[in-house]
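Student: build me a model:
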Amino acid sequence: MHGLMRFQEAMGHEVHAFSTQSVKNLPSKDARFFVKRFDLSKREDLVTQAQIATNYLWNLEAQKAFGAMLDELKPDVVHLHNIYHHLSTSILAEIRKRNIACVQTLHDYKLACPNYKMFTQGSACERCKGGNYQEAIKNKCLSQSMAPNILAAAEMVMTKTVQSYERTVSIFLCPSQFMKEKMIDWGEPAGKMRLARNPTDEIAEPAVRGGGYVLYIGRLSEEKGLVSFLEAACLFPSLPVKIAGRGPQEAELRAIVEKHGAKHIEFLGFVSPDELVAIRHRAEALVLPTIVYENCSGSILEAMASGLPCLVTRVGGNPELIEEGKEGFLVKPGDTEDWTRVLHRFMATPQEVRDAMGRAGRDKIQARHRWDQHAMHIVEAYRDAGAKG
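Tutor: Below you'll find the predicted structure:
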């Protein structure tokens with residue numbers, strides 16, 4: 001969102017933001033409109049819990065603040081990103097009331113799925129398809145505590161009953177063809193779904209590689225599929241692995257590595273963006289073993305822009321980025337045996353073939369993932385949605 005705003009401002013557009021208050025926010029000329037944010041991960045007193053639950057369903061503060069902002073700025077178009085849980089669908093009523101053109105970028109599957117990911121209990125999940133949102137409660141899709149699951153299911157029932165998003169948004173921007181087709185399959189209006197692939201920054205100098213290691217960048221959590229990958233990687237002591245990131249599964253993953261005595265696998269913890277650039281620049285390849293419906297992965301795009309081959313699972317939008325044998329190799333999700341096969345194949349891949357994979361990745365970024373292309377797609381969507389500016 002911030003990247004798009006910067007690019008739009010450089011194009012001469014006047015751009016404003018509406019959000020919650022946070023110490024992590026960048027400075028904003030619109031901060032006076034921002035509303036209170038609750039930390040949903042903290043245990044609160046009963047009064048605060050009641051306020052959180054109310055805001056989850058209908059945030060009156062956000063509705064009033066956003067209405068005031070719209071009246072003052074009189075925008076030509078509203079571009080929604082993730083408004084769930086904090087801002088709530090209350091702000092959609094203000095858009096409809098003023099008949100403002102509206103588009104939304106779908107960064108995840110929340111338009112159809114209560115827990116965003118279509119993933120629960122260790123695998124992809126489509127139990128709620130057809131409006132069966134009670135499945136989110138039965139399977140505790142958001143939390144082991146019952147209340148968040150009940151709230152998420154109730155919010156979905158309320159939203160779908162009155163078609164809050166569908167009546168407000170003229171065009172939904174899907175970063176992958178997979179997401180577009182999945183939304184249509186789940187009953188969302190096909191005519192409103194439009195492909196708008198995620199962009200990434202161009203990198204002038206391709207990675208030199210030569211560090212001898214493969215690199216994972218991301219959260220250490222169940223849906224990232226790291227267990228099956230590490231079980232395979234432990235078998236290849238001559239192929240070092242660097243894991244950049246933190247998350248709730250870190251202790252379990254470290255235990256796997258320790259059990260195998262795999263000293264060639266290194267956990268880097270949190271890595272700053274500048275350090276990450278240097279580490280990626282020396283890597284032999286990026287690995288992304290996700291077992292969830294990946295949308296249009298930023299880590300894959302950045303690796304491709306750097307000229308790295310990518311070893312990724314054949315799931316979600318990943319195969320739209322990486323074609324087998326062209327920009328890298330595809331792996332069966334959650335399959336240790338297939339990861340073993342692919343790692344062995346990569347190690348046997350000649351350097352000139354790896355170079356060609358890197359060049360193919362950079363070519364694909366140039367062809368369809370540049371910021372200028374993305375911005376023009378967005379402007380076209382604004383106009384088609386009825387923006388007058």
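Student: how about the strands of the stretch 251-389 of the chain, start to end?
Tutor: Ranges of strands in the stretch 251-389 of the chain, per DSSP state E, counting those that start in this stretch, are 265-269, 285-288, 310-313, 328-331.
Student: turn those into JSON lines, including distance to residue 302.
Tutor: Using the backbone N, CA and C atoms, a C-beta is placed for each residue, glycine as well. JSON lines is the format used below for those (distance: least, Cβ to Cβ, whole Å):
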{"stretch": "strand 265-269", "distance to residue 302": "16"}
{"stretch": "strand 285-288", "distance to residue 302": "8"}
{"stretch": "strand 310-313", "distance to residue 302": "10"}
{"stretch": "strand 328-331", "distance to residue 302": "14"}
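Student: now the ones you listed in a markdown table, with mean neighbour count and mean pLDDT?
Tutor: Formatted as a markdown table, the strands of the stretch 251-389 of the chain follow (neighbours: other Cβ atoms under 10 Å; pLDDT from 0 to 100):
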| stretch | mean neighbour count | mean pLDDT |
| --- | --- | --- |
| strand 265-269 | 16 | 98 |
| strand 285-288 | 27 | 98 |
| strand 310-313 | 26 | 98 |
| strand 328-331 | 26 | 98 |
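Student: out of these, which is closest to residue 373?
Tutor: strand 310-313 (20.7 Å; Cβ to Cβ).
Student: ok, residues contacting that closest one?
Tutor: 214, 225, 285-291, 294, 297, 300, 303-304, 318, 321-322, 327-334, 342-343, 346, 357, 361 (Cβ atoms under 8 Å, 6 or more residues apart in numbering).
Student: quick one on the thing from earlier: out of the strands of the stretch 251-389 of the chain, flag the one nearest residue 351.
Tutor: Closest of the strands of the stretch 251-389 of the chain to residue 351 is strand 285-288, at 12.1 Å (criterion: Cβ to Cβ).
Student: what lines up beside that closest one in the sheet?
Tutor: If you go by DSSP bridges, strand 285-288 pairs up with strand 214-217 (parallel), strand 310-313 (parallel).
Student: will you turn those into JSON lines that also has distance to residue 81?
Tutor: Listed next are those as JSON lines, based on distance: least, Cβ to Cβ, whole Å:
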{"stretch": "strand 214-217", "distance to residue 81": "22"}
{"stretch": "strand 310-313", "distance to residue 81": "25"}
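Student: shaky segments in the protein?
Tutor: 40, 47, 389 (pLDDT under 70).
Student: got the domain boundaries for it?
Tutor: 2-199+371-385, 214-368 (automatic domain parsing).
Student: and the nearest residue to residue 164 once chain neighbours are set aside, what does it touch?
Tutor: The spatially closest residue to residue 164, leaving aside those adjacent along the chain, is residue 89, at 4.4 Å (Cβ to Cβ, 6 or more residues apart in numbering). Contact analysis of residue 89 by Cβ under 8 Å, 6+ apart lists 58, 83, 155, 158-159, 164-165.
Student: sorry, back to before: out of the domains of the chain, flag the one nearest residue 206.
Tutor: Among the domains of the chain, domain 214-368 comes nearest to residue 206, with 3.3 Å by Cβ to Cβ.
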